[in-house]
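> Here is my input, please return the structure:
(4 chains)
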Protein chains: 4
Amino acid sequence: MDDPVTRTEPYGYSLPLSPTGAAAMVTPPPWHFSGEVVMVEYRADPDAVARHLPPGLEPGPDAGAAAAVWAQWQWCSDSGDELEAPERCQFAEFLILLACQHRGVPVVRCPYAWVDSAVSLVRGWIQGMPKQFGEINQTRAVPAGRAGPPMSGAGTFNGVASVFGQRIARGAVHTRTEHGDPPPLFALPLVHSRLFPGWVPGEEPVTGLVASQVTDVTFTGLRSGPADLWLTDDPAFADLGSLAPREVGTGTVFSYGETLVGGRCLA
Amino acid sequence: MDDPVTRTEPYGYSLPLSPTGAAAMVTPPPWHFSGEVVMVEYRADPDAVARHLPPGLEPGPDAGAAAAVWAQWQWCSDSGDELEAPERCQFAEFLILLACQHRGVPVVRCPYAWVDSAVSLVRGWIQGMPKQFGEINQTRAVPAGRAGPPMSGAGTFNGVASVFGQRIARGAVHTRTEHGDPPPLFALPLVHSRLFPGWVPGEEPVTGLVASQVTDVTFTGLRSGPADLWLTDDPAFADLGSLAPREVGTGTVFSYGETLVGGRCLA
Amino acid sequence: MDDPVTRTEPYGYSLPLSPTGAAAMVTPPPWHFSGEVVMVEYRADPDAVARHLPPGLEPGPDAGAAAAVWAQWQWCSDSGDELEAPERCQFAEFLILLACQHRGVPVVRCPYAWVDSAVSLVRGWIQGMPKQFGEINQTRAVPAGRAGPPMSGAGTFNGVASVFGQRIARGAVHTRTEHGDPPPLFALPLVHSRLFPGWVPGEEPVTGLVASQVTDVTFTGLRSGPADLWLTDDPAFADLGSLAPREVGTGTVFSYGETLVGGRCLA
Amino acid sequence: MDDPVTRTEPYGYSLPLSPTGAAAMVTPPPWHFSGEVVMVEYRADPDAVARHLPPGLEPGPDAGAAAAVWAQWQWCSDSGDELEAPERCQFAEFLILLACQHRGVPVVRCPYAWVDSAVSLVRGWIQGMPKQFGEINQTRAVPAGRAGPPMSGAGTFNGVASVFGQRIARGAVHTRTEHGDPPPLFALPLVHSRLFPGWVPGEEPVTGLVASQVTDVTFTGLRSGPADLWLTDDPAFADLGSLAPREVGTGTVFSYGETLVGGRCLA
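Numbers count the residues shown, from 1 in each chain, chains lettered A, B, ... in the order given. Prediction:
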């Protein structure tokens, strides 16, 4: 890492501000991501999907199209420094994706996401991605031995997610074929609502609709097949539950890489 | 809890926005807190303290006065709903406090804080409190048996904090006397730097110096005595390490209650 | 701590054996415990209780009497060394207790227990206590502020337990009165089945029925009132679920101390 | 899974015993394992190694040969049921291996091991493997994107391990070449000391020297190169620290599969 520079007043891309800036919890973009993904496409209640879209986004022609996604990530800043610290550069994620459009252009909305890393969570909020904390696990393919699906061909990949000790999602993908087309809901731009809540009495929150800008997108090792999906019907998670599957579609597993460079305002 | 109201567009005090607003990770203030505190007053390098003060804050007459604080909290919104969910309403915290002043008025700066709850972390960022994620433990007084200090009188209370598997702080308070004066650094207003980092290229971050507004402050069961304190000297935590103790003062343990109602701009 | 003695062959009360013996995960008894307890007495299906009793134990006159217990513990060896390390000496526990008798003498059986500390878990297995790993939380009484029940009088104490991200138990005690009688199921001797499974082909497991021997038992701060209790009906936990409440009785919260000195064979 | 059979007395391979036997924490062997391994060979103080060998094992011709191993595992019973539950079938491990011999035959001793799963920990104790609880992380190779080493060729794999919030080990392997020879210390039989500590006063512990019996061993994707290794010198971990590297040798990363079928007595 470059030696940090001590200034007379604390600074940093994010809190905490510090004399060298090196204490900042979140590094400035770009950030590079490499992930193993287990994804289940499904159909939710179109009305529930519509209620999850903010002004500026509208349902597309395929109203109700949705996906549940599990991913195991490694990430790093442009310096690559974090890769030397596996305790920092890894996290697991579970998220819901909804098909929609912005001024007629297909985009994707992520209404809910959970991660097991606080750095990832806060970085998400800077982008407008509504990450919360959860326990997320998914099957790993294995090159050797019998304790997992093989690296290619047929196999079963499971995913689970829990929040505060309650299971909120379970899914499975039973791969049958290897193919080359990335799932559209994973390949389209994400549109988030940035929100910095008010704190001083009378203060309006800072808000804004933004599209994430990514480069160097890579999909590899795509395998697909029939899938299973369950979302919680516990009243404590009623908003999430309103997006439960009415019909479960194709599941896909793949490896994915991207560089997230910033946001673009959709005023 | 009041039944949430479903709207046609997602809303909430914080992300995630949802049709009922009930999915928001953070509830709007006020928030009520009850905590058990282990606090060690100490003297840091006055220059290092000064480098941790943002424009608007300056060292006070007692330059270098600082404290390390461990606390076990329960919290709830005004409804009290969270108290029914002990898995949600409890967290542990370790923080550093620095004596300083704003326009000649004594205040306190918290340059670093760690908690073991993501909700607490994000709520901190809304206020400008630079909370990060850590493992924090402290001794509990025990009414029965031999496995801990008694509820009153002499006893030893230890605190530890770790980040990503590295110990960053250790402290101990050896209570000798019971007395009634709260430690000044815990009783003065906290002044934070709110920061919402820029995301869209060219965007300036949202910033602001704010004082936390609290009501219904209660201290009880104060006990004090000599103390020990160690902060990490690992280069990976150099900014924190620059605030290591040059002299360790009095330690105090106490129970504390407050209601946090919002922020006041210090323009 | 006494300086450990280096020997020419590794030794210790438990694994890992080491040259100084100091690496042993579990220290030899006695162990001292101080705990805060939330306990709900209830009635289970007497047949299900009977199926949980090993040869040597039989249902008592009050067949079906049971209890669910949450506890937050601190513990230490006779030296008290562990108290200096709050990250080591604290754990949370949830357990089920069943009334029964041994040769006509009232005793208690613990068919299931969960803790959040591996040292506690392994120490349990040495005694025959069937501890597994879980997430356990319970309400803490607060001397100051509004975020919890008061230290005495009326208040609500909640408990939850989860295993691998699934909720297995929820309970609540609504204290109404302060009184002096410890719940019988907490005061009677525990009778465990020690079991060291076979590993070499054809090897019989080491087994034995033992009663735990405790001294210096202290109950204090007893409060009781009506209670709630729910145990999971998920088929994955069918054995636990067979002990679900048919009727919920009194709840009690209290502070407790004991010294656990060893076991007594019930041949 | 086969439907469990309810008996009139509780049973199981391990605690907890239950009417159907399905509550047992540990399933009976065989167990299948698939792992990703990061391994650093090194030389420790031969005297310290000798002090870690129990009667029956003696230093071999290459006294002081040792290894530090990080592994990410999936496992399952013969039924494969656990693979449907990624929250149960995955764990991380860090362990130390020492070259030695039994009656002149080369074997390996594992004096210390840490895992992040209680099931794995208890299963280890049944075999005599001295597993404790820790936080363990290691780099994952990535098929896509820039956030990690590639699936083949040159790359850096890091490992860290922490116990109770203190870092105990760090290592790195910088792969340079792909080759086919498994590291001998990983391929030789492990010899463990089974130990069930005494609990009833005067009781002798159950002990025994056993060799682990494995079948279906597979190594694949071997890559090696120079390596780094650090073990803690904190006095709290003095026994582990006595095995710190005097010289660091080759590092290897590989995928590994085995079936663990039981133990063989070395009387």
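
> Up against chain D, what does the stretch 101-250 of chain A have?
Residues of the stretch 101-250 of chain A found near chain D (C-beta under 8 Å from any C-beta of the partner chain) are A:135, A:137-140, A:142-148, A:156, A:158-160, A:162, A:172, A:216, A:218-221. All C-beta atoms are positioned from the backbone trio N, CA, C, and that covers glycine.

> so where do the strands sit in the stretch 1-150 of chain A?
Ranges of strands in the stretch 1-150 of chain A, per DSSP state E, counting those that start in this stretch, are A:31-43, A:65-77, A:90-102, A:105-115, A:131-133, A:135-138.

> For stretch A:126-133, measure first residue to last.
16 Å (C-alpha to C-alpha, to the nearest Å).

> That stretch vs chain C: in contact?
No: Stretch A:126-133 lies apart from chain C when judged by C-beta under 8 Å from any C-beta; the minimum separation is 12.7 Å.

> May I see the buried residues of that stretch?
Residues A:Ile126, A:Gln127, A:Gly128, A:Met129, A:Pro130, A:Lys131, A:Gln132, A:Phe133 are the ones in stretch A:126-133 that count as buried (16 or more other C-beta atoms under 10 Å in any protein chain shown).

> How about residues contacting it?
A:14, A:26, A:93, A:110-116, A:118, A:120-121, A:124-125, A:163, A:190, A:192-195, A:208-210, A:212, A:260, A:263, B:15-17, B:25, B:117-119, B:196-197, B:199 (C-beta atoms under 8 Å, 6 or more residues apart in numbering or on different chains).

> For that stretch, what is the distance to the chain centroid?
Relative to the centre of its chain, stretch A:126-133 is centred 9 Å away, using C-alpha atoms, centre = their mean, to the nearest Å.

> What's the mean pLDDT across it?
Stretch A:126-133 carries an average pLDDT of 98.

> before we move on, what about stretch A:4-19?
On average, stretch A:4-19 scores 93.

> How about that stretch and chain B, any contact?
Yes: Stretch A:4-19 is in contact with chain B by C-beta under 8 Å from any C-beta, via A:4, A:6-10, A:13-19.

> Just put those in TSV and tack on neighbour count.
Output for these, formatted as TSV (neighbours: other C-beta atoms under 10 Å in any protein chain shown):
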residue	neighbour count
A:Pro4	16
A:Thr6	17
A:Arg7	13
A:Thr8	10
A:Glu9	14
A:Pro10	25
A:Tyr13	17
A:Ser14	21
A:Leu15	28
A:Pro16	24
A:Leu17	23
A:Ser18	25
A:Pro19	24
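
> For these, work out which two are farthest apart.
Using C-beta to C-beta, those span at most 20.0 Å, a distance reached by A:Thr8 and A:Ser14.

> what's A:Val163 in contact with, if anything?
Neighbouring residues of A:Val163 by C-beta under 8 Å, 6+ apart: A:Trp114, A:Gln132, A:Phe133, A:Gly134, A:Glu135, A:Phe237.

> ok, the fifth one to D:Phe94 distance?
Using C-beta to C-beta, to the nearest Å, one gets 22 Å for the distance from A:Glu135 to D:Phe94.

> Looking at these two, which has the bigger crowd around it?
Looking at A:Glu135 and D:Phe94 with other C-beta atoms under 10 Å in any protein chain shown, you find the greater number of neighbours at D:Phe94, namely 28 against 21.

> Kindly state the beta-bridge partners for that one.
D:Phe94 has these beta-bridge partners by DSSP bridges: D:Trp70, D:Trp114.

> same thing with A:Ser193?
Taking DSSP bridges as the rule, A:Ser193 bridges to A:Leu209.

> Get me the contact residues on chain A for chain C.
Contact residues (C-beta under 8 Å from any C-beta) of chain A with chain C: A:Glu135, A:Val160, A:Ala161, A:Ser162, A:Gly165, A:Gln166, A:Arg167.

> Just the buried ones from those residues, in ChimeraX syntax?
A single ChimeraX command selects the buried members of the residues of chain A next to chain C (16+ other C-beta under 10 Å):
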select /A:135,160,161,162,165,166,167
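
> Closest one of the residues of chain A next to chain C to chain D?
A:Val160 (5.4 Å; C-beta to the nearest C-beta).

> ok, the helix or strand where the closest one lies: who's next to it in the sheet?
In this assignment (DSSP states H and E), A:Val160 forms part of strand A:155-163. With DSSP bridges as the test, strand A:155-163 is paired with strand A:135-138 (antiparallel), strand A:166-175 (antiparallel).

> possible to save these as CSV with distance to B:Leu229?
As requested, the strands paired with strand A:155-163 are exported to CSV (distance: least, C-beta to C-beta, whole Å):
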stretch, distance to B:Leu229
strand A:135-138, 34
strand A:166-175, 39
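
> Quick one: closest of those to B:Pro59.
Between the strands paired with strand A:155-163, strand A:135-138 lies closest to B:Pro59; by C-beta to C-beta that is 44.3 Å.

> Flag every residue of the stretch 151-267 of chain A that's near chain B.
Residues of the stretch 151-267 of chain A lying close to chain B by C-beta under 8 Å from any C-beta are A:164-165, A:193-197, A:199-201, A:206, A:208, A:210, A:237-240, A:242, A:262-265.

> Are any of those buried, and if so which?
Those of those that meet the buried threshold are A:164-165, A:193-197, A:199, A:208, A:210, A:237-240, A:242, A:262-263, by 16+ other C-beta under 10 Å.

> Out of the residues you listed, which sit inside strands?
Applying DSSP state E to those, the entries found in strands are A:Ser193, A:Arg194, A:Leu195, A:Phe196, A:Gly208, A:Val210, A:Gly262, A:Gly263.
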